[in-house]
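Asker: Model the structure of this input:
(chains A and B)
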Amino acid sequence: NAGVTQTPKFRVLKTGQSMTLLCAQDMNHEYMYWYRQDPGMGLRLIHYSVGEGTTAKGEVPDGYNVSRLKKQNFLLGLESAAPSQTSVYFCASSFRGWNTEAFFGQGTRLTVV
Amino acid sequence: AQSVSQHNHHVILSEAASLELGCNYSYGGTVNLFWYVQYPGQHLQLLLKYFSGDPLVKGIKGFEAEFIKSKFSFNLRKPSVQWSDTAEYFCAVTYYGGSQGNLIFGKGTKLSVKP
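Answerer: Here you go, the predicted model:
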């Protein structure tokens, strides 16, 4: 049972390049989330989804887009990467939005130069 | 805005010392509370959670936390730390009826345990 799997684990981008981060979960969870982690800032929510075909903005959505075409996958896109997007990105999923715990992926370390 | 405060940025302890990490959330209402741990280079793992019932919650690896509703607090404790507890600890809260279960995290407390 893989849980939450993120691809890739590391990536270096040049400013202005685009990329997509993939998150896959095999727990049949309805809710999925993308967070970024920066030193001294904790984790901040970028976007989330409460079910297949739905997405919503979190605390820091600017510069990112997401899609949830299949229940098990949640994609995070950067259309034009900026150095300020250098961060560690974590995907998480949960069965529902209340009285449930979230399970996290291993993270993607992204550097934008 | 909803927020979570962790009082200590970095805590340094010797092995066998007792640990208490403070966590406060911004206002009342019905909440779910969590403590996550992140070992160096790894993802977040759940230490313990509070949904309802007994406000004293026991988690993995000998950790426990106490929910005090009147103080909006959920402090993490361990009677005797080990070197292997060196990690970063995050308190998080979900508010009922608010943001679809989104976890709001504190900024984290780094724990260093000296052997």
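Asker: Kindly tell me how buried B:Ile12 is, as a neighbour count.
Answerer: Under the neighbour criterion other Cβ atoms under 10 Å in any protein chain shown, B:Ile12 is assigned a count of 11. In short, each C-beta sits where N, CA and C put it, glycine included.
Asker: Spit out the contact partners of it.
Answerer: B:Leu111, B:Ser112, B:Val113, B:Lys114 (Cβ atoms under 8 Å, 6 or more residues apart in numbering or on different chains).
Asker: OK, contacts around the third one?
Answerer: Residues in contact with B:Val113 (Cβ under 8 Å, 6+ apart) are B:Ile12, B:Leu13, B:Ser14, B:Glu15, B:Ala17, B:Val81, B:Gln82, B:Trp83, B:Ser84, B:Asp85, B:Thr86.
Asker: tell me which parts of chain A are close to chain B?
Answerer: Chain A has residues A:31, A:33, A:35, A:40-45, A:48, A:50, A:56, A:58, A:90, A:92, A:94, A:96-102, A:104-107 near chain B, with proximity defined as Cβ under 8 Å from any Cβ of the partner chain.
Asker: Pull out the buried members of the residues you listed.
Answerer: In terms of neighbour count (16 or more other Cβ atoms under 10 Å in any protein chain shown), the buried residues within the residues of chain A next to chain B are A:31, A:33, A:35, A:42-45, A:48, A:50, A:58, A:90, A:92, A:94, A:97-98, A:100-102, A:104-107.
Asker: residues from chain B in reach of chain A?
Answerer: Residues of chain B found near chain A, taking Cβ under 8 Å from any Cβ as the criterion, are B:4, B:9, B:32, B:34, B:36, B:42-46, B:49, B:51-52, B:90, B:92, B:94, B:96, B:100-108.
Asker: In PyMOL, how would I select just the buried ones from these?
Answerer: For the buried members of the residues of chain B next to chain A, the matching PyMOL selection, counting by 16+ other Cβ under 10 Å, is:
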select buried, chain B and resi 4+32+34+36+43+44+46+49+51+90+92+94+100+101+102+103+104+105+106+107+108
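Asker: got the contact list for the residue lying closest to B:Gly62 once chain neighbours are set aside?
Answerer: The spatially closest residue to B:Gly62, leaving aside those adjacent along the chain, is B:Lys78, at 5.5 Å (Cβ to Cβ, 6 or more residues apart in numbering or on different chains). B:Lys78 is in contact with B:Ser18, B:Leu19, B:Lys61, B:Gly62, B:Phe63, B:Glu64, B:Asp85, counting by Cβ under 8 Å, 6+ apart.
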